[in-house]
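1. pasting a predicted model and its sequence here:
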Amino acid sequence: MALRTDSALGRSLAEGRGSRMIDDQYAWLVWASAFLISWLILFVGFPQHRRPMLWARAFSLP
């Protein structure tokens, strides 16, 4: 996988100003993991709601 180079980010880092931003794929990974972990906590914590949660998950998959 090739790393992408953002010229504006490169210039700002070279000039010593600004901070590095998280790459898009890692931002997606962090947010998707946050939703997955919270869903798993609710799934384990409320066994009476597991069947509706599974149905909702099945119908919301892309």
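-> Here it is on my side, so go on. Keep in mind it's a predicted model, so treat the numbers as computed, not measured. Numbering: from 1, shown residues only.

2. please make it C-alpha for all contacts and neighbour counts, starting now.
-> Noted.

3. may I see the buried residues of the lengthiest helix in the chain?
-> If you go by DSSP state H, the chain has its longest helix at helix 24-45. For helix 24-45, a neighbour-count test (16 or more other Cα atoms under 10 Å) marks residue 43 as buried.

4. name the next helix or strand downstream of it, please.
-> helix 50-60 (DSSP states H and E).

5. circling back: what is the longest helix of the chain packed up against?
-> Contacts defined by 3 or more Cα pairs under 8 Å, 6 or more residues apart in numbering; DSSP states H and E place helix 24-45 against no helix or strand at all.

6. okay, angle between it and helix 50-60 too, please.
-> If you take axes from the mean of the first three to the mean of the last three Cα atoms, to 10 degrees, helix 24-45 sits at 150 degrees to helix 50-60.

7. using CSV, write out every CA atom in helix 24-45.
-> Only the C-alpha atoms of helix 24-45 are listed here, as CSV (Å, rounded to 0.1, in the frame of the first residue of the first chain):
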residue,chain,number,x,y,z
ASP,A,24,-8.6,9.0,6.3
GLN,A,25,-8.4,5.3,6.5
TYR,A,26,-7.4,5.4,10.2
ALA,A,27,-10.1,7.9,11.0
TRP,A,28,-12.6,5.5,9.5
LEU,A,29,-11.1,2.6,11.4
VAL,A,30,-11.3,4.5,14.7
TRP,A,31,-15.0,5.5,14.3
ALA,A,32,-16.0,2.1,12.9
SER,A,33,-14.3,0.4,15.9
ALA,A,34,-16.0,2.8,18.3
PHE,A,35,-19.5,1.8,16.9
LEU,A,36,-18.6,-1.9,16.9
ILE,A,37,-17.3,-1.9,20.5
SER,A,38,-20.4,0.0,21.8
TRP,A,39,-22.7,-2.4,19.8
LEU,A,40,-20.9,-5.4,21.3
ILE,A,41,-21.2,-4.0,24.8
LEU,A,42,-24.9,-3.5,24.4
PHE,A,43,-25.3,-6.9,22.8
VAL,A,44,-23.6,-8.7,25.7
GLY,A,45,-25.2,-6.5,28.4
